[in-house]
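Enquirer: My questions are about this predicted structure, shown below with the sequence.
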Number of protein chains: 2
Amino acid sequence: MPSRSASGTGNALTIFMNKKNPAHAPAVDRALDVIELLAASERELSLSEILAMLDIPRQSLIRILNTLCDRGIVDRAQQRGYYRPGMKLLHLGNSIQDKIKLRSVARPYMQELAQETHKTIELSTLDRDQLVLIEQIEGTEGVRLYTRIGSAYPYLHAVAVGKIYLAHMDEEKRHKVLEKIGLPAVTEYTIVDMKELEEDLSRVRENGYAFEDQELRKGVRRVVAPIYDYRNDLAGCIGIAATVFSFELKDRERFGQMVKETAARISSGMGKKK
Amino acid sequence: MPSRSASGTGNALTIFMNKKNPAHAPAVDRALDVIELLAASERELSLSEILAMLDIPRQSLIRILNTLCDRGIVDRAQQRGYYRPGMKLLHLGNSIQDKIKLRSVARPYMQELAQETHKTIELSTLDRDQLVLIEQIEGTEGVRLYTRIGSAYPYLHAVAVGKIYLAHMDEEKRHKVLEKIGLPAVTEYTIVDMKELEEDLSRVRENGYAFEDQELRKGVRRVVAPIYDYRNDLAGCIGIAATVFSFELKDRERFGQMVKETAARISSGMGKKK
DNA sequence: CGATAAAATACCATATAAGATATTTAAGTA
DNA sequence: TACTTAAATATCTTATATGGTATTTTATCG
């Protein structure tokens, strides 16, 4: 995944909804800025660093940090004046009911698939027009192919998971979504032609799985299959990802069948009726 | 775990630090109240329900909800006027660096232990005087012994993990901590006598693992061993938990050795030098 | 150990966000 | 289609949280 969204937290539309929404609570917006900043940062940040990056008046920032620290959202680090994300976030993050259900149902199957293939196994879903990685089991290759759990990604056309979702939308919705983001070339392999994409989507529907060949990141391939819930709604996707060295083109169909098979079993686990 | 803390989010001290801290940002406190309320609730909540539970003026609440929704922290549900935790929380929850490191290092070993024992395997740590469950692999018994990942628990004396931490503290700190919370009887088996507890802690130091016999919940036993990081600091604990039916007293030593063994390997993975 | 720099606390005037009131929109029901 | 209920938006005044400025605390370094 390209570094520009690697920080992950970024909603693609954040750029547009610039500040100062009259129907907002400004202090809360600021607090969220602080939290996201700390979450995105690899290391702990000092008061003055935060101050420099966010243009919040010193006194207000201190008040916000006090609040967040007392609530466990943010932690004061060893060194006085340094801050980092707090454990409470872990707890809150684990309260997203339905996604968590998918995760717990899927995990054992993912584990199995990982042991069979020795590849990276990914569980993803769509949330507010963004693809989100819910769970991941890293393969033996040691390459981290995706960003961290929870990161969102807006370019549906460049990812196998996105193709699954696009293939499931009715035409109207699909066009609306694609118009909003366009078909930017993430790599030189990304599909940037609408007709070509539609053809690919037909193939997805035919095969029952989606294939992604270095379209998101050079050197990385993926196959992904849809998971359905008890009402036969698309609940998420499970996929196999690997570098071109261990995932050759001839493996495509074989891996495709494997994810399909696994996805079907997870769907059963989610209560899908046959 | 008794239901009073099952909602989990509750810092044991929340009761005391009642509202209106002058050094706080009130709007942020309110927003956090909303988030925690939604996170603790099983189902989606309507505006008026939140209103009733939190005594925030209607207009202010709407502003806060608007902010949280636009930021992805909260989601508007299908039904207009209903709210639930948003996916952004998942992402933020996965940004707690060091804990996440422990988790990713430990996971494969936990998996192994789970396959060997068919019991529930738990990874926990101490954070701000509270025990926190970081990761869990549910055993075949299907009984959920602990609350969800991220929940915090203050009664160190009633849990094997807590005993590990108590055993590692110097006397002064230990007394301070225990005084603060006391030795309340969580079940009829909970150790409520100081001398008895100290004896148990000595045993923990001797054995290298802690044992918990229905002290937190009737019918449940645990063995837990400490994990150390590269500076030989206590980084967390791994444990086996099961009901008395599948975890008999005669299994204690055998399971104890197993967690010790696994904990040692995780410690190596965390960079502990021998 | 004294000097320096940064964080945390304290105080207070004022800009501003909060909250009461009223209006519009939406959903559910008869 | 009209009726009912609740949510969302809009408007405006005042209380209040904000953000200056100054002070105290804490840590670091020569």
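Expert: All right, it came through fine.
Enquirer: For chain A, give the helix that spans the most residues.
Expert: helix A:97-117 (DSSP state H).
Enquirer: is any part of the helix or strand just after that one close to chain B?
Expert: Where DSSP states H and E defines the elements, the next helix or strand beyond helix A:97-117 is strand A:120-127. Yes. Interface with chain B: strand A:120-127 contributes A:Asp127 (Cβ under 8 Å from any Cβ of the partner chain). Quick note: C-beta positions are derived from backbone N, CA and C, even for glycine.
Enquirer: cool, and stretch A:149-158?
Expert: Yes. Under the criterion of Cβ under 8 Å from any Cβ, chain B is reached by stretch A:149-158 at A:Ile149, A:Gly150, A:Ser151, A:Ala152.
Enquirer: Angles on the backbone of A:Lys272, please.
Expert: For A:Lys272, the backbone dihedrals (degrees, to the nearest 10) come out as phi -60, psi 130.
Enquirer: Quick one: neighbours of it, just the number.
Expert: The number of residues packed near A:Lys272 is 17, by other Cβ atoms under 10 Å in any protein chain shown.
Enquirer: again, but for A:Leu234
Expert: Using other Cβ under 10 Å, A:Leu234 is surrounded by 17 other residues.
Enquirer: Return the residues in contact with it.
Expert: Remark: with contacts taken as Cβ atoms under 8 Å, 6 or more residues apart in numbering or on different chains, A:Leu234 is in contact with A:Leu126, A:Ile164, A:Tyr165, A:His168, A:Pro226, A:Ile227, A:Tyr228.
Enquirer: Tell me which other helices or strands whichever strand or helix holds A:Glu212 touches.
Expert: Element membership for A:Glu212 (DSSP H and E) is strand A:210-213. Strand A:210-213 makes packing contacts with helix A:160-168, helix A:194-207, strand A:220-228 when contacts are defined by 3 or more Cβ pairs under 8 Å, 6 or more residues apart in numbering or on different chains; DSSP states H and E.
Enquirer: So which of these is nearest A:Val132?
Expert: helix A:160-168 (9.3 Å; Cβ to Cβ).
Enquirer: And the closest one, what does it pack against?
Expert: Helix A:160-168 packs on strand A:120-127, strand A:130-137, helix A:171-181, helix A:194-207, strand A:210-213, strand A:220-228, strand A:234-243, going by 3+ Cβ pairs under 8 Å, 6+ apart.
Enquirer: and with 6 Å instead?
Expert: Secondary-structure packing of helix A:160-168 (3 or more Cβ pairs under 6 Å, 6 or more residues apart in numbering or on different chains; DSSP states H and E): helix A:194-207, strand A:210-213, strand A:220-228, strand A:234-243.
Enquirer: looking only at pLDDT, what's the mean for the last one?
Expert: In this model, strand A:234-243 has a mean pLDDT of 94.
Enquirer: now do stretch A:115-128
Expert: Per-residue scores along stretch A:115-128 average to 90.
Enquirer: which parts of that stretch are buried?
Expert: Buried residues in stretch A:115-128, defined by neighbour count with 16 or more other Cβ atoms under 10 Å in any protein chain shown: A:Thr117, A:Lys119, A:Thr120, A:Ile121, A:Glu122, A:Leu123, A:Ser124, A:Thr125, A:Leu126, A:Asp127, A:Arg128.
Enquirer: Tell me who's in contact with the fourth one.
Expert: What it means is A:Ile121. A:Met110, A:Leu113, A:Ala114, A:Ile137 (Cβ atoms under 6 Å, 6 or more residues apart in numbering or on different chains).
Enquirer: Alongside DNA strand C, which residues does chain A contribute?
Expert: Applying Cβ under 7 Å from any atom of the strand, we find that chain A lies next to DNA strand C at A:25-27, A:46-49, A:59, A:62, A:65-66, A:76, A:80-81.
Enquirer: So which of the residues of stretch A:149-158 next to chain B is the closest to A:Thr187?
Expert: Distance to A:Thr187 across the residues of stretch A:149-158 next to chain B (Cβ to Cβ) is lowest for A:Ser151, with 18.0 Å.
Enquirer: State the distance from the closest one to A:Asp251.
Expert: A:Ser151 sits 26 Å away from A:Asp251, going by Cβ to Cβ, to the nearest Å.
Enquirer: Ok, A:Pro108 next?
Expert: Distance of A:Pro108 to A:Asp251, computed by Cβ to Cβ: 24 Å.
Enquirer: What of A:Val34?
Expert: A:Val34 sits 45 Å away from A:Asp251, going by Cβ to Cβ.
Enquirer: between those two, which one's more packed in?
Expert: Shown here are A:Val34 and A:Asp251; by other Cβ under 10 Å, A:Val34 has more neighbours (24 against 17).
Enquirer: State whether that one is indeed within a strand.
Expert: No. Under DSSP: H, G, I helix; E, B strand; the rest coil, A:Val34 sits outside any strand and is assigned helix.
Enquirer: Quick check: the gap between it and B:Lys218.
Expert: From A:Val34 to B:Lys218 the distance is 43 Å (Cβ to Cβ).
Enquirer: same deal with A:Lys119?
Expert: Distance from A:Lys119 to B:Lys218, by Cβ to Cβ: 44 Å.
Enquirer: Could you do A:His118 as well?
Expert: Distance, A:His118 to B:Lys218, using Cβ to Cβ: 43 Å.
Enquirer: again, but for A:Met258
Expert: A:Met258 sits 44 Å away from B:Lys218, going by Cβ to Cβ.
Enquirer: Ok, A:Lys195 next?
Expert: From A:Lys195 across to B:Lys218, the span is 66 Å (Cβ to Cβ).
Enquirer: give me the low-pLDDT residue ranges for chain A?
Expert: Scanning chain A for pLDDT under 70 picks out A:1-22, A:141-147.
Enquirer: Which residue ranges make up the domains of it?
Expert: A:3-92, A:97-269 (automatic domain parsing).
Enquirer: ok, how many other residues are close to the residue in the stretch 51-200 of chain A positioned nearest to DNA strand D?
Expert: Residue of the stretch 51-200 of chain A nearest DNA strand D, by Cβ to the nearest atom of the strand: A:Ser60 (2.9 Å). Neighbours of A:Ser60 under the rule other Cβ under 10 Å: 13.
Enquirer: In chain A, which residue sits nearest DNA strand C?
Expert: Closest residue of chain A to DNA strand C, Cβ to the nearest atom of the strand: A:Gly81 (2.8 Å).
Enquirer: Now A:Arg84. Its backbone dihedrals?
Expert: Main-chain dihedrals, A:Arg84, degrees, to the nearest 10: phi -150, psi 160.
Enquirer: Contact residues of the stretch 101-250 of chain A facing chain B?
Expert: A:Asp127, A:Val132, A:Arg148, A:Ile149, A:Gly150 (Cβ under 6 Å from any Cβ of the partner chain).
Enquirer: Apply 8 Å and report the result again.
Expert: Contact residues (Cβ under 8 Å from any Cβ) of the stretch 101-250 of chain A with chain B: A:Ser104, A:Gln111, A:Asp127, A:Arg128, A:Val132, A:Ile134, A:Glu138, A:Arg148, A:Ile149, A:Gly150, A:Ser151, A:Ala152.
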